[in-house]
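Undergrad: Make a model of this:
(one chain, ligands or ions: 1)
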Amino acid sequence: MPDLFVDLRSDTVTRPTAGMREAMAAAEVGDDVYGEDPSVNALEAEVAALFGHEAALFAPSGSMANQIALQLLVSPAEELLCDADAHVVTYEIGAAAAYGGISSRTWPAVGADIDPEVVAGMIRPDGYFAVPTRAIAVEQTHNRGGGGVIPLATLRDLRGVADEAGVALHCDGARIWHAHVADQVPLIEYGRLFDTLSVCLSKGLGAPVGSLVVGSAEKIERARLIRKRMGGGMRQAGILAAAGRYALAQHIDRLADDHAKAARLAEAVAPFGVLATTVRTNLVALDLTKHTLDARALAAAARAEGVLISVLGPRTARLVTHLGLSDADIDRALAALPRILAAA
Ligand SMILES: Cc1ncc(COP(=O)(O)O)c(C=O)c1O
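TA: Numbering: from 1, shown residues only. Have a look, this model is predicted:
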């Protein structure tokens, strides 16, 4: 994509910085399927320690990391509970059912505003010919929920619900780094609340590829087999792991800047009644149900002015800030978007 566009579609569009490319070029590598890539091994140990778990496993994508974790927690013909807008049941193309034989049941889409009592009420125990619930999955931050942050207190209550019922708790933490920066919750505090987490290096952190599954040593040993079965065994993946290690060292604290840029965008579009949620992190969800422009029309008009945005539904759109955007890029978007929304 030429840089004549201000690309607000996703934080996955970032390209490696010069420093990251240097780290990649210098990476020591080996065959990771043999467990012999020192850079991958170092990344896995580092991420496990960050979240206070015994082990972690490098995977090619956030979707594969989520699906490996779900297969660890839920056997075929057993049940996963999550929200109706969760990435794991919205954008992973039925993988839980296709690969894990997992039955999913959802609570209504409420983004990060989860009511633990609603979740508790959905859990089905063994017996009575019902599908037994084995795991609950939450998303931190919540993608379709406009980058909302689940409060630590809610997560603690959910941990209590899971413990009481004897079910597991998984975190799709693709953007958990943003929650950590927005709410100042140490990553280890989040880590200790979950049986498994998936965390992405290739979104806000700006690495080109890669996510990790985090959990106990026993789970990660099984995860290694599941990853290989799914075709996710990589060889000299240390080049990618080096990018991830660089991102962890250099790109977490700077997320506050992305959040500030998203807040500027939110403030500019708010007068047009199109903000779907309060903006806390780097995602700005737009709800166009009360606007004359629908999402496609808004995206087309923005594109004509050099600004790319995501269409998530007929009347739902999204703006995302990330490390590839300068202040001048945001100024350009701020000049275009309110004008387009006002003209319609
Ligand atoms: C919340 C969330 N989870 C998981 C993923 C999947 O990541 P990947 O695109 O690397 O499969 C995404 C991707 O945008 C996401 O937003």
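Undergrad: Check what pLDDT the residue in the stretch 51-200 of the chain that the ligand sits nearest to gets.
TA: The nearest approach of the stretch 51-200 of the chain to the ligand comes at residue 62, 2.5 Å away (Cβ to the nearest ligand atom). The C-beta positions use only the backbone N, C-alpha and C, and glycine is treated the same way. In this model, residue 62 is scored at 98, pLDDT.
Undergrad: Please list all residues in contact with it.
TA: 87, 172, 174, 198, 200, 202, 203, 211 (Cβ atoms under 8 Å, 6 or more residues apart in numbering).
Undergrad: Number of residues surrounding residue 132?
TA: 17 (other Cβ atoms under 10 Å).
Undergrad: Please look at residue 232 and residue 63 and confirm they touch.
TA: No. The criterion here is Cβ atoms under 8 Å, and residue 232 misses it with residue 63 at 10.2 Å.
Undergrad: residue ranges of the helices in the stretch 151-300 of the chain, please?
TA: Secondary structure of the stretch 151-300 of the chain, counting by DSSP state H, counting those that start in this stretch: helices at 152-165, 176-183, 187-191, 217-229, 238-250, 255-269, 295-304.
Undergrad: Share the number of residues neighbouring residue 250, please.
TA: The burial count for residue 250: 16, using other Cβ under 10 Å.
Undergrad: What pLDDT is listed against residue 3?
TA: pLDDT, read off for residue 3, is 68.
Undergrad: just the one 4 residues further on next, same as before
TA: Predicted confidence (pLDDT) for residue 7: 98.
Undergrad: which parts of the stretch 201-344 of the chain sit against the ligand?
TA: Residues of the stretch 201-344 of the chain lying close to the ligand by Cβ under 6 Å from any ligand atom are 202, 211.
Undergrad: Torsion angles phi and psi at residue 145?
TA: phi -90, psi 20 (degrees, to the nearest 10).
Undergrad: okay, now the domains of this structure?
TA: The record's domain parsing of the chain by the TED database lists 18-252, 254-343.
Undergrad: Mean neighbour count, the ones you listed: which tops it?
TA: domain 18-252 (a mean of 20; mean count of other Cβ atoms under 10 Å).
Undergrad: Straight-line length of it, end to end?
TA: Start and end residues of domain 18-252 are separated by 17 Å (Cα to Cα, to the nearest Å).
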